[in-house]
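Asks: Just a sequence and a predicted model for now, questions to come.
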Amino acid sequence: MCGRYLDLDGKEIFPWDTVSIDTSSGELDKRWGIINEYRKAKVINARSERIHYLSLFKDMDPCIIRALGYFEWDKEKKKYLFSNKDKSPIYMAGLYKQEGFVIITADAYDKYFGIHPRMPFILPKEKLNLWINKKELLREQAEYDFYQV
């Protein structure tokens, strides 16, 4: 899930790139990805159902990653861009700490499940403050469309 996304300037962002994220303290520049010291592995995403109890994530603070869209690949390696039709930003929920940030994922909508079973947790614009200030994800996610690239 979500191995690349488009920033607000339309630049393709890769894991380990440094980008701006929104936090309760304001905008910060952070690297996309953290190291799981226990497993000695790089981590770029966090499953929403695990963020409150896995030690790797539970002490991290909430952030928002603004994007024009994100990419997924199907089993035939076709690349898809998931974005709003009007090219307005999407707001992906994330977690950050000193070294970097991760994007939170959830089960994909039924209509997109055939492309990829997971997707970023997309926050509705009117719920951004609930996530950034209270670290509370709601069941609802914002709707958007996809395009084959």
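Replies: Perfect, thanks for sending it.

Asks: switch to C-alpha atoms for all contacts and neighbour counts from now on
Replies: Fine.

Asks: where's Lys85 relative to Lys78, distance?
Replies: 20 Å (CA to CA, to the nearest Å).

Asks: Helices of the protein, start to end?
Replies: 55-58, 128-134 (DSSP state H).

Asks: So which of the ones you listed has the densest surroundings on average?
Replies: The highest mean neighbour count among the helices of the chain, using mean count of other CA atoms under 10 Å, belongs to helix 128-134: a mean of 16.

Asks: How about residues contacting it?
Replies: The contact list for helix 128-134, computed with CA atoms under 8 Å, 6 or more residues apart in numbering, reads 23-24, 62-64, 93, 136-137.

Asks: Now stretch 33-49: average pLDDT?
Replies: In this model, stretch 33-49 carries a mean pLDDT of 91.

Asks: How about the contacts made by Ala46?
Replies: Contacts for Ala46 (CA under 8 Å, 6+ apart) come out as 57, 102-105.

Asks: Any idea how many residues pack against Glu49?
Replies: By the criterion of other CA atoms under 10 Å, Glu49 has 12 neighbours.

Asks: ok, the residue nearest to the spatial centre of the chain to Tyr91 distance?
Replies: Nearest to the mean C-alpha position of the chain, counting by CA atoms, centre = their mean, stands Ile103 at 3.3 Å. Relative to Tyr91, Ile103 is positioned 11 Å away (CA to CA).
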